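Trainee: 3D, please:
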Amino acid sequence: MKVLVVGQGGREHALVWKLAQSPRVEQVFCAPGNARTDQDGCNVDIGSNDIDRLAKFAQTESIDLTVVGPEAPLVAGIVDAFRGAGLRIFGPSQAAAELEGSKVFAKELMRKANVPTAEFCVFDEADAALRYIDSREEESLVVKADGLAAGKGVSVCSTKEEAKDAIRAIMVEKKFGEAGSRIVIEECLVGQEASILAIVDGSTIVPLAPSQDHKRAYDNDEGPNTGGMGAYSPAPLITPKLMDEIIEKILVPTVHALRSRGRAYQGCLYAGLMITNQGPKVLEFNVRFGDPEAQPVLMRLKSDLAEMLLAAADGRLNAIQPPQWDDRAAVCVVMAADGYPGPYRKGDVIRGLDEAAQLEDVKVFHAGTLKQGDRIVTNGGRVLGVTALGETIPQAKLRAYQGVKCIRWDGAWCRKDISD
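Mentor: Below is the predicted model:
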């Protein structure tokens, strides 16, 4: 069958790479792709938000399955448009994608469904939010823009002044545009974070191997939030007993609550969790594969991803075998451009990619890269996800950083403590 992957980041490169391994798949297209997605598939010069052209391409090329990587086209309704055109697509409807498109919607859904999460308040005026901060004791709070902000709309604030600065940046200075017209202010949960990805077909839920990511820009989890600076799988924190609790108390009631509201969920459901002393609580929901969590998780997946996503799109997940996993660990280290997560430079020539490709059990997933003639240059904030397998997490980490050492460009940097 023919498969179309929508997007151009590291997650999409990992999806193209894994889908191309399926004996059922004859060709994988990636729209628009990056400098190396064309090694595992075929790039198509259509932007990920150009829904009409994507649908026409899928019809013209007789695409059997479309897999959507990023959240923006999902929130914009790409799944509804494709289904309306009679095209098979893996991902949630626009109504179900509001789970990520609006943090207010997600928090209120969790409250009604008794899904454990942080206590919160919602504000649509900056003055009211600032007065609320003044009325509280000095404590850590989290301020979140309601809408999509490329993973950067969350500020963890340890003081009242930091919280008020975050409110002003989002609501007054409009740092994230209309995404910040409403905000959520919630208690700051304490514990260890984990990421749970699950494939859902509307009713059946198939959890994937757990992972943990590193959101903060700098070592020791310091600095501003980013889209993610690295991830690893499995997550030793998530025991089989804890996974059962997560399924029972978080995944099942969330999927049921969406279905009961006429928003049946089909796609990849991502639960970002804090494992607290009171048990797992939801930090956020995403409506697609995590990035960079997808890279180590898909490195470990031994089952046929195409078969799994096709079954989910057709509503028959209960008819296929549970996913099988490589017993080894996987670690992904994100290499970023100078200036990220702020304004960053583009166009720097990347060297050492062929050298890294020679390393055993190492795969370099491209994200913000572009081909210029016979050279590959930086074209985004998060540029590469160097991912490796190892018998243990420390061994996988060692291999990943060996890959990182091969690769150079002006201003390249990464965290040194991924998986520690």
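Trainee: going forward, measure contacts between C-alpha atoms and count neighbours the same way
Mentor: Noted.
Trainee: Can you tell me the centre-most residue of the chain?
Mentor: residue 290 (2.1 Å; CA atoms, centre = their mean).
Trainee: Tell me the confidence at that one?
Mentor: Per-residue pLDDT puts residue 290 at 95.
Trainee: can you tell me how far it sits from residue 15?
Mentor: Using CA to CA, to the nearest Å, residue 290 is found at 11 Å from residue 15.
Trainee: How about residue 262?
Mentor: For residue 262, the distance to residue 15 - CA to CA - is 29 Å.
Trainee: higher neighbour count, the two?
Mentor: Using other CA atoms under 10 Å as the criterion, residue 262 and residue 15 rank with residue 15 on top: 27 against 10.
Trainee: residue contacts, the more buried one?
Mentor: Residue 15 sits next to 5, 298 when contact means CA atoms under 8 Å, 6 or more residues apart in numbering.
Trainee: picking that back up, spatially nearest residue to the residue nearest to the centre of the chain, not counting backbone neighbours?
Mentor: residue 270 (6.8 Å; CA to CA, 6 or more residues apart in numbering).
Trainee: hang on, isn't that neighbour packed against residue 205?
Mentor: No - Residue 270 lies out of contact with residue 205 (CA atoms under 8 Å); the separation is 11.7 Å.
Trainee: Quickly list what's touching both of those two.
Mentor: residue 198.
Trainee: How about residue 387: what's its closest non-neighbour residue?
Mentor: Closest residue to residue 387 apart from its sequence neighbours, by CA to CA, 6+ apart: residue 332 at 4.1 Å.
Trainee: do residue 47 as well
Mentor: Per CA to CA, 6+ apart, closest to residue 47 is residue 32, 5.4 Å.
Trainee: and residue 84, how many residues sit next to it?
Mentor: Neighbours of residue 84 (other CA under 10 Å): 11.
Trainee: could you check the distance from the residue nearest to residue 47 over to residue 211?
Mentor: In terms of CA to CA, residue 32 sits 27 Å off from residue 211.
Trainee: Give me the more crowded residue out of the two.
Mentor: Applying other CA under 10 Å to residue 32 and residue 211 shows that residue 211 carries more neighbours, namely 27 against 21.
Trainee: can you count the residues close to the nearest residue to that one once chain neighbours are set aside?
Mentor: Nearest in space to residue 211, with sequence neighbours left out and distances taken as CA to CA, 6+ apart, is residue 233 at 4.4 Å. Residue 233 has 28 neighbours, counted by other CA under 10 Å.
Trainee: Equivalent analysis for residue 47, please.
Mentor: Residue 47: 16 neighbours (other CA under 10 Å).
Trainee: And it, how far from residue 282?
Mentor: 32 Å.
Trainee: Sketch out the strands for the stretch 251-400 of the chain, chain order is fine.
Mentor: Here the stretch 251-400 of the chain has its strands, by DSSP state E, counting those that start in this stretch, at 266-276, 279-286, 329-336, 362-366, 369-372, 375-378, 382-390.
Trainee: List the buried residues for the helix or strand hosting residue 18?
Mentor: Element membership of residue 18, judged by DSSP states H and E, is helix 10-19. Neighbour counts over helix 10-19 (16 or more other CA atoms under 10 Å) mark 10-19 as buried.
Trainee: and what of stretch 389-404?
Mentor: 389-390, 393-404.
Trainee: tell me the secondary structure for the closest residue to residue 338 other than its chain neighbours?
Mentor: Of all residues not flanking residue 338 in the chain, residue 411 sits nearest, at 4.6 Å (CA to CA, 6+ apart). Recorded secondary structure, residue 411: coil (DSSP: H, G, I helix; E, B strand; the rest coil).
Trainee: now residue 411: how far from residue 391?
Mentor: Counting by CA to CA, the gap from residue 411 to residue 391 is 32 Å.
Trainee: what lines up beside the helix or strand of the chain with the lowest mean pLDDT in the sheet?
Mentor: The helix or strand of the chain with the poorest confidence is strand 222-225; it has a mean of 88 (mean pLDDT, DSSP states H and E). Using DSSP bridges, strand 222-225 pairs in its sheet with strand 216-218 (antiparallel).
Trainee: May I have the longest helix anywhere in the chain as PDB, with CA atoms only?
Mentor: Counting by DSSP state H, the longest helix found in the chain is helix 393-406. This file holds the C-alpha atoms of helix 393-406, laid out as PDB (Å, rounded to 0.1, in the frame of the first residue of the first chain):
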ATOM      1  CA  ILE A 393      19.800   3.000  29.200                       C
ATOM      2  CA  PRO A 394      23.400   4.100  30.000                       C
ATOM      3  CA  GLN A 395      24.700   2.100  27.100                       C
ATOM      4  CA  ALA A 396      22.100   3.600  24.700                       C
ATOM      5  CA  LYS A 397      23.100   7.000  26.000                       C
ATOM      6  CA  LEU A 398      26.800   6.400  25.400                       C
ATOM      7  CA  ARG A 399      26.000   5.400  21.800                       C
ATOM      8  CA  ALA A 400      23.800   8.400  21.200                       C
ATOM      9  CA  TYR A 401      26.400  10.800  22.300                       C
ATOM     10  CA  GLN A 402      29.000   9.000  20.200                       C
ATOM     11  CA  GLY A 403      26.800   9.900  17.300                       C
ATOM     12  CA  VAL A 404      26.500  13.500  18.500                       C
ATOM     13  CA  LYS A 405      30.300  13.800  18.600                       C
ATOM     14  CA  CYS A 406      30.500  12.900  14.900                       C
END
